[in-house]
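*Asks:* dropping a prediction and its sequence here:
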Amino acid sequence: SVDDAKELVESSGYGGETLKLVTMAGLASQTLMAQVIQQNLAEIGVTVEIVPLNPTENLTVNYSPEAREPYDLILTGNYAFAKDPIEYIQFFLGEGQPLNWTGFADPAATAGLAEARQVFETEDRARIIADLQQYWEDAAVTTSLTMPDLVTFLADGVTGMTTSSAYLNQPWLATIGASE
C-alpha cells in the first residue's frame, strides 16, 4: 500500500534529495514509464528528476561507472536472445559483468551461475536459478519495474515482419512484403 511504502521511505534514511532518473531521449515509451515512476514515487514522498540523455550518453552510462556517478536510477530496456533466464541474468549479476552496475559479488551466487551455465536440462537449470534468486533479492541488486511487450501491427496482406527482438540484428525491413 502507499502507506506501507511511505513508512519504508521514512525508515530508509532518504533525506528528501532529488533522485536523478536517466532515460533515453526521444524514446516515448521510456518517457511515459519515467513519468509514471516519478508520479508514483512523489506519492510516497520521493522527488525524482527525469534526465533524458541522447543515445551515445545513455549507452555510456550503461557501461561506465564514472558516467553513472551523477545519477541514482537508470531506466533501461533490454532483451534476451534465448528463452532462458541464465542468458540474461549473467550480464547483470555475474561478477565483473558489464551490466553489473552495483558490483554485486557473492561467491555462492557466482558458483551457482557457473553451475547453471553447465546444466542443459531445463528443469534442473531452472531450479538452480530459482535458488540463486534469494542471493540477488537479499542484496537488492536490481529492481525490475515493468516488462513492456513488443507490439507489432501488420495489415492484412502484409507478411515478413520479425516479431521478436531478433529484428535488432537483421535487415527486417527487407523481409516485409505482400502476402499471396
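*Replies:* Alright, I've got the coordinates.

*Asks:* for the nearest residue in space to residue 21 that is not next to it in sequence, give me the pLDDT.
*Replies:* Of all residues not flanking residue 21 in the chain, residue 73 sits nearest, at 4.2 Å (Cβ to Cβ, 6 or more residues apart in numbering). Every residue, glycine included, has its C-beta placed from N, CA and C. In this prediction, residue 73 carries a pLDDT score of 91.

*Asks:* now do the nearest residue to residue 14 once chain neighbours are set aside against residue 21, distance only.
*Replies:* Excluding the flanking residues, the one nearest residue 14 by Cβ to Cβ, 6+ apart is residue 46, at 6.5 Å. Distance, residue 46 to residue 21, using Cβ to Cβ, to the nearest Å: 11 Å.

*Asks:* these two - which one has more neighbours?
*Replies:* residue 21 (22 against 19; other Cβ atoms under 10 Å).

*Asks:* and that one, how close does it get to residue 112?
*Replies:* Distance from residue 21 to residue 112, by Cβ to Cβ: 31 Å.

*Asks:* now do the buried residues in the helix or strand of the chain with the lowest mean pLDDT.
*Replies:* Across the helices and strands of the chain, mean pLDDT, DSSP states H and E gives its lowest value to helix 85-93, namely a mean of 76. Under the neighbour-count criterion of 16 or more other Cβ atoms under 10 Å, helix 85-93 has 85-86, 88-90, 92-93 buried.
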